[in-house]
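[1] with the sequence up front, the predicted model follows.
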Amino acid sequence: MKKDIDFDKIAKETLDELTKNFKTEGTFKEIGFKIAEISTKTVKLMLKKYHQELLED
């Protein structure tokens with residue numbers, strides 16, 4: 001199993017992919033970006049924890 005996964009890089013690429021087609025402007029765009037950012041951070045943390053569990057086995 002690969003042990004040196006760059007979770008920050010994966011999170012940035014995911015956030016970029018999620019937000020590249022946002023069509024709204026102003027407050028709605030800001031809210032959308034914030035939701036996407038929080039979601040990405042949450043998934044990144046979950047993946048890190050899961051990866052740690054796999055490495056312990």
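    Received it, and whenever you're ready, just let me know what you need. Numbering: from 1, shown residues only.
[2] centroid residue for the chain?
    residue 40 (2.6 Å; CA atoms, centre = their mean).
[3] got a list of what that residue touches?
    Neighbour list for residue 40: 11, 14-15, 18 [criterion: CB atoms under 8 Å, 6 or more residues apart in numbering]. Using the backbone N, CA and C atoms, a C-beta is placed for each residue, glycine as well.
[4] would a markdown table of these with neighbour count be doable?
    Listed next are these as a markdown table, based on neighbours: other CB atoms under 10 Å:
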| residue | neighbour count |
| --- | --- |
| 11 | 18 |
| 14 | 15 |
| 15 | 17 |
| 18 | 16 |
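[5] and residue 39, how many residues sit next to it?
    13 (other CB atoms under 10 Å).
[6] quick check: closest non-adjacent residue to it.
    Nearest residue to residue 39, sequence neighbours excluded (CB to CB, 6 or more residues apart in numbering): residue 18, at 7.8 Å.
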